Every structure is written in structure tokens, then in C-alpha cells.
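# Need a 3D model of the following:
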Amino acid sequence: MEQIYTIPVNEKFEASAEDHSLGCPFCALYNMLEEDELGLILGASMMEPDVRIKTNELGFCKTHLDMMFERKNRLPFALMLESHLTELQSRIAAGGVSSLLNPGAEAIKNLSALEESCYVCGRIKRNFGMMVETAALLWEKDEEFRKKTAAQPYFCLPHYRLFLETAKARLGKKRFPDFYKVVSNIEISYLRELTDDVSWFCKKFDYRYNDEPWYNAKDSVPRALSFLSGHIHLPPEK
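Sure, this is the predicted structure:
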């Protein structure tokens, strides 16, 4: 188990265990990886030939194009776009005169593949998968990490599913039931609490509840969004 993954996993789990307002520790890990990748692609990596070849080939999803644009590093962003657009010209022109029997087929194939790829997403997915696996292995071998896991506020649904899936594959039939009991209790408990808070939020729009306190319901809708789909793709800090 590489220390490069162990350290950030332990740090994010510890932070969320101590401060429940931080939410899902895997979302924090994802955001850390995303920020690192965006910083690299708009910094030193932008001029590396092997990176430029990959970005030209794979392109970027709309989410990461928008996030790079918002970071105000306009010159490196424009230089990267320049070479990617040049590459794109050849993809659009592909299969012209040489494919008279099926015109446009090669261009459609190339552009369809491009729509499904993103250089940043691919880098994050590879490293994030290793971090989730590290968390599962830490749970198996490290008593202190099991305590941190049990103290989590919740896991967002996408990362909860991935954590379960990874742990089931790595822990085996003997250890997984104990793991599942702990993390499912966290999830179910938070889901019940969140459901009650959203229900109370709805009731507060009924005049009969005007004089009642909000309790924990005021921010229940954004908390529900974070739980359902994750709290990721954060804007840059100003």
C-alpha cells in the first residue's frame, strides 16, 4: 500500500471524523485530486510534449473546460486549446475522399470517441480508484482507521457505492460483513436524519409552521444534493 495514497486518505477521513460539516471524505479526496490536475495542466505540465499529445488526443469534458476557464490562466489555456483545435481539424476532415463508399463514417467514429474522453477525468479516475482501494485496505489492517471510518458523518451515494464495491472485492467474505455493518449504519442513520430535515423544510412553507424553529432544516436541500450526487467540482478559491 503506497504511502502516497495512505497519507491523504488518513488526513481526509480524520478531518471529516472531527468536523462533520466537511461531509463525505471521498468528495474531499476527489476535489484535492481535481485541483491538483487542473493546476498541473495549466502550469508546468502544459508545456510537456507527452502531456500535450495526450490532451490533443483525449480533449476535455465540458465540466473541466469550464473549470479551467474559470481559473483565469488564459494564456496556457489558450495554448492548449490551440493545439487541441489543430488536432480536431484532422478528426473532422477524416474519411473524406478516401471513404466514398461511407462518407463521414470515420469522422463520426472519431468525434464520438472524443465526446467520451477527458484527459483530466481519466487522471482523476485512476488515482481516485487507488485511494478508495487504500481506504478499504486500511480498514482491514488499521484499527485507528476503522475508528475514523465509524466516525464519518456520511458518504455521498456515488462514493458509498464505490467504497462498498471496492471493499467487497478486497476484503473477502470474512471481513466484508463487519465493514458493511459499520458503513451501512452510518449511511442509513444520516439518510433518516436528512429525510426528516428536508420534510421539516417543506413544512416550514406551510403557514401553520411559521412560528416553529427551523432546527437543522435550513440547509437541508443543498445537503441533500451533496448526499445524492457528491460535493465535487468546486469553484476556485478567491
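
# residue ranges for the strands of this structure, please.
With strands called from DSSP state E, the chain shows none.

# Give me the average confidence score over the lengthiest helix in the chain.
Looking across the chain with DSSP state H, the single longest helix is helix 157-203. Averaged across helix 157-203, the pLDDT comes to 97.

# repeat for stretch 127-139
Mean per-residue pLDDT for stretch 127-139: 97.

# With stretch 56-67 instead?
Mean pLDDT, stretch 56-67: 94.

# ok now that stretch, how far from the chain's centre?
Distance, stretch centre to chain centre, for stretch 56-67: 15 Å (C-alpha atoms, centre = their mean, to the nearest Å).

# Buried residues, it. List them.
For stretch 56-67, burial by neighbour count (16 or more other C-beta atoms under 10 Å) applies to 56, 58-61, 64, 67. Every residue, glycine included, has its C-beta placed from N, CA and C.

# Same question for stretch 181-191.
With burial defined by 16+ other C-beta under 10 Å, the residues of stretch 181-191 counted as buried are 183, 186-187, 190.

# returning to what we had before: which one of the buried residues of stretch 56-67 sits closest to R161?
Closest to R161 out of the buried residues of stretch 56-67 is C61 (20.9 Å), distances taken as C-beta to C-beta.

# Skip the chain neighbours and tell me the closest residue to that closest one.
With sequence-adjacent residues excluded and distances taken as C-beta to C-beta, 6 or more residues apart in numbering, C61 is closest to C118, at 3.9 Å.

# Let's check: the centremost residue of the chain is which one?
Centre of the chain computed as the mean C-alpha position; nearest residue by C-alpha atoms, centre = their mean is Y30, 4.5 Å away.

# and that one, what does it touch?
Contacts of Y30 were listed using C-beta atoms under 8 Å, 6 or more residues apart in numbering, and they are 124, 128, 159, 230, 232.

# swap in P76?
Counted by C-beta under 8 Å, 6+ apart, P76 has contacts 42-43, 46.

# Dump these to a markdown table, plus neighbour count.
Shown next, in a markdown table, are the contacts of P76 (neighbours: other C-beta atoms under 10 Å):
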| residue | neighbour count |
| --- | --- |
| L42 | 20 |
| G43 | 11 |
| M46 | 18 |
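
# and those as CSV, adding distance to A17 and pLDDT?
Shown next, in CSV, are the contacts of P76 (distance: C-beta to C-beta, whole Å; pLDDT from 0 to 100):
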residue, distance to A17, pLDDT
L42, 33, 90
G43, 33, 87
M46, 37, 74
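
# I am finished for the moment; much appreciated.
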